[in-house]
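Peer 1: take a look and give me a structure for this.
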Amino acid sequence: MELGELSLRDTESPTIAHCPAGDPAKIHVLTFDYRGFGKSTGSPSETGLMMDALDVIDWAMHVAGIPPSRILIFAQSMGTAVSIAVSKHLALQDPPVIFAGTVLVAPFVDVATLVSTYRVAGTIPIISPFTRLPLVFKYLQRFIRDKWLSKDSIAQYMRANEFNEEKYRLTIIHAEDDYDIPWHHSQLLFWHAVNASTSTGMSYDFEQKKLDSKADLGAAGSTMEWRTDNGVIREEILKTGLHDVIMGYPVITMAVMRHFEAVDPSFTS
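Peer 2: Reported below is the predicted structural model:
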């Protein structure tokens with residue numbers, strides 16, 4: 001049976017391609033243009049992008065005939081917000097729809113936090129000076145139309161999976177030198193995911209637990225896995241990779257393969 005990878009990235013052209021690792025006859029990549037970009041009509045919005053993503057997933061399952069257990073949701077940058085929201089939406093359905101896994105590269109906590117940390121070329125702040133003026137910053141947030149509350153969505157996704165005892169896998173990857181979306185966004189998302197996977201929430205010593213259990217890879221960065229009875233939440237922080245260069249790194253392919261091998265150990269054989 002084939003495996004599918006639904007890719008949500010900052011891209012303006014659709015791509016269907018074979019993955020270079022494993023058996024190329026077993027994996028396909030499906031991407032699509034955001035509304036208002038490439039060949040897609042309309043204008044982008046949180047509701048519209050959600051509808052489009054759900055339509056693509058519905059096509060993959062009911063037209064291409066690939067069951068959700070053999071579909072991986074892969075996303076980078078802006079696409080991570082869409083993929084987290086979609087994964088949460090489907091996990092809350094009755095019955096829930098759970099995929100083989102979700103891989104997020106350079107995600108962000110929410111739009112308000114993102115604009116408060118964004119710097120042009122990593123040096124020139126745009127909105128961050130206003131964070132020192134809470135009332136002004138709160139006023140400016142009124143003009144943010146699409147919130148993309150990824151931290152809340154990822155927490156709801158985890159709680160739903162744990163409550164339903166559904167098997168899940170989540171990988172978050174970020175580079176420390178990413179100046180478009182600072183890597184602490186991934187740290188915060190990882191915390192929200194882990195916190196929601198426990199019945200009592202994380203205690204104050206979470207950072208110490210990370211220090212004790214994460215694998216230090218030296219110049220390559222570090223990895224940390226949090227396991228529950230139902231799933232695995234993995235954080236991979238690279239020393240280098242910027243925002244887009246990281247997409248060509250082997251760590252990306254390895255993450256995808258790891259999820260598919262968890263579904264079918266013979267996948268790469």
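Peer 1: got the contact list for the longest helix anywhere in the chain?
Peer 2: When the chain is parsed with DSSP state H, its longest helix is helix 46-62. Residues external to helix 46-62 that are found in contact with it (CB atoms under 8 Å, 6 or more residues apart in numbering): 4, 6, 8, 30, 32, 34-35, 40, 42, 66-68, 71, 82-83, 85-86, 89-90, 145-148. Just so you know, the C-beta spots here come from the backbone N, C-alpha and C atoms, and that holds for glycine as well.
Peer 1: tell me the contacts of the residue nearest in space to the middle of the chain?
Peer 2: The centre of the chain sits closest to residue 104, judged by CA atoms, centre = their mean, with a distance of 2.7 Å. Going by CB under 8 Å, 6+ apart, residue 104 touches 75-76, 80, 83-84, 170-173, 186, 189.
Peer 1: mind checking which helix or strand of this structure has the lowest mean pLDDT?
Peer 2: strand 16-18 (a mean of 31; mean pLDDT, DSSP states H and E).
Peer 1: buried ones in the longest helix of the chain?
Peer 2: Buried residues in helix 46-62, defined by neighbour count with 16 or more other CB atoms under 10 Å: 46, 48-49, 52-53, 56-57, 60-61.
Peer 1: same check on stretch 230-239?
Peer 2: Neighbour-count burial for stretch 230-239, counted by 16+ other CB under 10 Å, picks out 230-238.
Peer 1: for this structure, just list every one of the helices.
Peer 2: Per DSSP H, the chain has helices spanning 46-62, 78-91, 111-117, 134-140, 150-164, 184-196, 206-213, 250-263. These are given in chain order.
Peer 1: about what we covered before: and the residue nearest to the centre of the chain, what are its bridge partners?
Peer 2: Note on residue 104: beta-bridge partners residue 75, residue 172, judged by DSSP bridges.
Peer 1: relative to residue 63, how far out is it?
Peer 2: According to CB to CB, to the nearest Å, residue 104 stands 26 Å off from residue 63.
Peer 1: again with residue 247
Peer 2: Going from residue 247 to residue 63 by CB to CB gives 28 Å.
Peer 1: out of the two, which sits in the more crowded spot?
Peer 2: Neighbours around residue 247 and residue 63, counted as other CB atoms under 10 Å, are more numerous at residue 247. The numbers are 16 against 8.
Peer 1: ok, how many other residues are close to the residue lying closest to that one once chain neighbours are set aside?
Peer 2: The spatially closest residue to residue 247, leaving aside those adjacent along the chain, is residue 76, at 6.3 Å (CB to CB, 6 or more residues apart in numbering). Applying the criterion other CB under 10 Å, we find 24 residues in the vicinity of residue 76.
Peer 1: do the same with residue 94
Peer 2: 5.
Peer 1: ok, the closest residue to residue 41 other than its chain neighbours - contacts?
Peer 2: Nearest in space to residue 41, with sequence neighbours left out and distances taken as CB to CB, 6+ apart, is residue 35 at 7.1 Å. Applying CB under 8 Å, 6+ apart, one finds that residue 35 lies in contact with 41-45, 48-49, 52.
Peer 1: return the member of the residues you listed nearest to residue 200.
Peer 2: Checking the contacts of residue 35 against residue 200 with CB to CB, the nearest one is residue 49 at 34.5 Å.
Peer 1: returning to that earlier point: the contacts of residue 104, buried ones only, as a PyMOL selection?
Peer 2: When burial is assessed using 16+ other CB under 10 Å, the buried subset of the contacts of residue 104 is captured in PyMOL by this command:
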select buried, resi 75+76+80+83+84+170+171+172+173+186+189
